Structures are given as C-alpha cells and as structure tokens.
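Visitor: Structure for the following, please:
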Amino acid sequence: MDYSSLFRENRAMELSEFVVLLSRLATGAMATFFAILLWSQTRDVSWVLVIIGTLVSYTEIVFTTLESFGVVSSDFFDVSGFPVLRIVLINLPLIFLSLAFISMIVRKRVP
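Guide: A predicted model of the protein is given here:
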C-alpha cells in the first residue's frame, strides 16, 4: 500500500476545506461590512431584519471556523446530545429573513 498517496489525498482534502472556509469568511466579512454600512443609513424594519440576519449568518461562519480549528468545542453547547447553538446559528438568519419578507409584505398591503 502506498501511504504517501493516501497522505497526499488527505492533505488535498484538508486544503480544499481550508479554501472553502476562507472563501466563506471573506464573503461573509464583505456582506457584514456592507450590512453595517447600510444599518447606519436606514431605520426601516425590513432592512434592519435583513441586516441582523446577515450578522447572525457571519456569526455562524466564525463559529464554524473556530470549531474547525479546535478553538471552540460544540460539545460544550449540547443539550441532551443536540447541538443547540449550531441549530440556532444555522436557522436564525433564515428566521430574520423570513420576518423581513413578512414585514415587507404587510407594509405593501397596508394602504
């Protein structure tokens, strides 16, 4: 068995995961930066909910990064074997976006 090829395959997988992680961090940081800029210019409820959803999404990206580097353990946030913090961080941005869409729909219907 050629162990050097096995090592190269595992290393390539780690490098690809690292590139994906860095790209998520970069695009998330850019979106968060522009969300904070927009926040200072708007007071519309719908846009504020979109901005909060973006910030929470970036929080999930940072948490996932810290977890993959071993800085934070997700086991600490488990309740009865369920990763509560991970579930909240993954779903909360979509909840804020849904609330923003509902806010826009309600505002359009009110004369």
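
Visitor: other SSEs contacting the least confident helix or strand in the chain by mean pLDDT?
Guide: None of the helices or strands of the chain scores lower by mean pLDDT, DSSP states H and E than helix 3-39, at a mean of 81. With contacts defined as 3 or more Cβ pairs under 8 Å, 6 or more residues apart in numbering; DSSP states H and E, the packing partners of helix 3-39 are helix 45-68. C-betas here are computed from N, CA, C, even on glycine.

Visitor: Give me the sheet partners of the helix or strand just after the helix it packs on and which way each runs.
Guide: Sequence order places strand 78-79 as the next helix or strand after helix 45-68, per DSSP states H and E. As defined by DSSP bridges, the strand partners of strand 78-79 come to strand 82-83 (antiparallel).

Visitor: who touches the strand it pairs with?
Guide: Outside strand 82-83, the residues that touch it by Cβ atoms under 8 Å, 6 or more residues apart in numbering are 74, 77.

Visitor: centroid residue for the protein?
Guide: Closest to where the C-alpha atoms of the chain average out (Cα atoms, centre = their mean) is residue 57, at 3.0 Å.
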